[in-house]
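> coordinates for the following, if possible.
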Amino acid sequence: MENAYPSSNTSALNQDATIRLQTLVAIGFSVLAIVAIAIVTTVLFFNFRNEIREDVRQRLRNMVSIAALQQDGDLHAEIQNPGDENSEAYQAIKGNNFAILATDPDIAYIYTMRSDEQGNIYFVVDTGPPGADTAAALEPYPDAGEALAANFVLLEETIAEVDPYTDEFGTFYSAYAPFYRSDGTREGVIGMDIRVDTVLAREQTFLMTTIGVALLLIPFVALAGVWVASLITKPLVNLTIFAQQVAQGNLNLRAKVEANSFEVQELEKYLNNMTSQLQKTILELEDRVAERTAELEEANQRTERRARQLKTISDLFTTISTVQELRFLLPRIAELISERFGFYHVGLFLLDTNNEYAVFSGTNSQGGYKMLERGHRLRVGQEGIVGYVADAGEPRIASDTGSDAVFFNNPDLPQTRAEAALPLKFGDQIIGVLDIQSTETDVFTEDNVEVLSVLASQVAIAIANVRAQEGSRRLVEQTQSLNQEYTSTSWRNLTQRREQVGIRYTGAALERLDKPVITPQIQKAAQAGNVETSKTDLALPITLRGKVIGTINVRVPGGRDWTTDEKDILQSVSDRIALALENARLLEEAQITAGQERALAEMSNKIGSSFRFESILRTAAEELSRVLSGSEVLVQIALPAANKDEK
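As a prediction, this is how the structure comes out:
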């Protein structure tokens, strides 16, 4: 390996680098030392501040506990109304608290409190230094600190606010303790405050002292930095030059530094080891990058191929979604899959109603057409890959049909070398199998199977949708047929029971028709269901629910050309006549039914009102004769014998 520093290398470059490094090291050492001093100073200050504040809280807890013992709960109980400041009890309590206040100059306020049933806190006796603003007796205290407000009702021990709080009297550190009456009942809570300014003054004094000491240390730190820089500069400069050359790509160099420092010698050894490892790692990384690049390229190709396949599936589904009959849908699906994916045979099997056979129902290949002609089908779970998939509901791949034990050798498809069968599932139900065959072996990969499974799902949805549409169309057709049959029957019955079948208006008078008028135009209009015209006549059908129930005929003796507007007007009139006639027929039938029900009810009431055989039989015969227009009626309870032996 090549040394980075020949022994003759004493150029001005090294000298300049040494000076620069000495300066940087001295400055860096000084900065680090100053930062360290600042950190230590800050830590000391915050520790001192926390200790002061904890000491203040502890002092408050101790003093308020003692003050609570000096409170007379019975005297407090006498103060019950605002304005009791002049009472003897109030003055005695306030005098006692003034004496406590005088024991420590740091104490700002001493005050006693109680709460009402709603949890509102009130001052009882508020004591402060002379001239201070204090609360009146039983004045509400809405600005109570968090600790006091949260614990007032159940307070049984001394507590202190964690942080200073501010109310209308100032910002304080506070502590609270319960005090009691002579019978042991808790009368209220006593609070004691120390102003935050008192604590802040002590903290500021300590901070200024600490900063002064730190400033005195800075010159000594600077001198120490210069001394340290003179010790480590030269070897570090050499190592820096070595690192620069390595960074420029010269990994064949090895560092050689003359220094008495053990640390520098170790650094030299580590740098040389690092350079060797770096050289080795770079070589390995180059190999791995090349491998990874090849893998990424292959993955990108797979991703692009899958994206194209999924796009093809989307386009295919869009195309077949317009087909609404199953007999056209299945061959169209097979043709599109074969065309878009390049498979020579695509077949669609649908399960029969008993799920016993998978029936071949659609294809794209010549061999498949032969299978359709002979009614090809496979028993579910027993014959071929298709039968297996129809039973198991899972895809099955034969990458090489020659070695697959389940493969069904079909003489109509002799070129098959690989086969994929995928279940057609709609929900949890297997409705068929998508069978795809290729002339190449190993063409169906794991990626292909995933894509084809998506395709099979879309095909199953398309088939189920078309089946549902066909079922709906059949139901609609059946309903329309029943409606038309009902309409024909109803109007046939109506015309049979009515003597009048129409009206003729000649311009001068109305004429009732007892039988239909038949002309060539009327007959054509009734049979074809269309408007029929001649030079003098226009005939159009009266249609209800697709059935012709009558006709309208308009005759102009002199003859004329019928306009489109006239035809449209007559057609609209015809439609309204049909609806009006249907409503009238329904009303008439309802009235007839109501009359029959009413007559039956009257007959039943008359028959039911009798309790003798003769009376019941006579009433039944009379009522039936009346309802049936004077018919001769026989009602008897003796049955005629079938033969002589039965007499």
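> what residues are up against Thr210?
Thr41, Leu44, Phe45 (Cβ atoms under 8 Å, 6 or more residues apart in numbering). (Glycine included, C-beta is placed from N, CA and C.)
> tell me, how many residues neighbour the second one?
If I follow you right, that is Leu44. For Leu44, the neighbour count with other Cβ atoms under 10 Å is 15.
> so who does the closest residue to Glu602 other than its chain neighbours touch?
Take Glu602 and drop its neighbours on the chain: the residue closest to it by Cβ to Cβ, 6 or more residues apart in numbering is Glu623, 7.6 Å away. By Cβ under 8 Å, 6+ apart, the residues touching Glu623 are Glu602, Met603, Lys606, Ile607.
> if we can go back for a sec, tabulate the contacts of Thr210 (a markdown table), appending distance to Arg61 and pLDDT.
Listed next are the contacts of Thr210 as a markdown table, based on distance: Cβ to Cβ, whole Å; pLDDT from 0 to 100:
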| residue | distance to Arg61 | pLDDT |
| --- | --- | --- |
| Thr41 | 30 | 80 |
| Leu44 | 26 | 80 |
| Phe45 | 24 | 77 |
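> nearest to Ile337, of the contacts of Glu623?
Met603 (73.3 Å; Cβ to Cβ).
> tell me which element that closest one is part of?
helix 564-608 (DSSP states H and E).
> next structured bit after that helix?
helix 613-627.
> check the average confidence over that following helix, would you?
Averaged across helix 613-627, the pLDDT comes to 76.
> send me that helix as PDB with only the CA atoms.
The C-alpha trace of helix 613-627 is given here as PDB (Å, rounded to 0.1, in the frame of the first residue of the first chain):
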ATOM      1  CA  PHE A 613    -136.600 -26.800   9.300                       C
ATOM      2  CA  GLU A 614    -139.700 -25.800   7.300                       C
ATOM      3  CA  SER A 615    -139.200 -22.100   7.900                       C
ATOM      4  CA  ILE A 616    -135.500 -22.300   6.900                       C
ATOM      5  CA  LEU A 617    -136.300 -24.200   3.700                       C
ATOM      6  CA  ARG A 618    -139.100 -21.900   2.700                       C
ATOM      7  CA  THR A 619    -137.000 -18.800   3.300                       C
ATOM      8  CA  ALA A 620    -134.100 -20.200   1.300                       C
ATOM      9  CA  ALA A 621    -136.300 -21.100  -1.700                       C
ATOM     10  CA  GLU A 622    -138.100 -17.700  -1.700                       C
ATOM     11  CA  GLU A 623    -134.800 -15.700  -1.500                       C
ATOM     12  CA  LEU A 624    -133.100 -17.700  -4.200                       C
ATOM     13  CA  SER A 625    -136.100 -17.300  -6.500                       C
ATOM     14  CA  ARG A 626    -136.100 -13.500  -5.900                       C
ATOM     15  CA  VAL A 627    -132.300 -13.200  -6.400                       C
END
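> any idea which helix or strand in this structure has the lowest mean pLDDT?
Every helix and strand of the chain was ranked by mean pLDDT, DSSP states H and E. The lowest is strand 2-3, at a mean of 52.
> other SSEs contacting the very next helix or strand once past it?
For strand 2-3, the following helix or strand on the C-terminal side (DSSP H and E) is helix 12-69. Judged by 3 or more Cβ pairs under 8 Å, 6 or more residues apart in numbering; DSSP states H and E, helix 12-69 is in contact with helix 88-102, strand 159-160, strand 170-180, strand 186-195, helix 196-247.
> okay, the angle between the third one and helix 12-69?
For the pair strand 170-180 and helix 12-69, the angle between their directions (axes from the mean of the first three to the mean of the last three Cα atoms, to 10 degrees) equals 40 degrees.
> for the residue most central in space within the chain, report the pLDDT, please.
Residue closest to the mean C-alpha point of the chain, counted by Cα atoms, centre = their mean, is Gly427 at 21.3 Å. Looking at Gly427, its pLDDT is 85.
> same check on Asn272?
pLDDT, Asn272: 72.
> and it, what element?
helix 262-320.
> just checking, what packs against that helix?
Using 3+ Cβ pairs under 8 Å, 6+ apart, helix 262-320 sits against helix 196-247, strand 253-254, helix 326-341, helix 446-497.
> wait, what's in contact with Leu217?
Ile37.
> pull up the gap between it and Ala36, please.
10 Å (Cβ to Cβ, to the nearest Å).
> same deal with Tyr109?
Counting by Cβ to Cβ, the gap from Tyr109 to Ala36 is 43 Å.
> more crowded one of these two?
Tyr109 (23 against 11).
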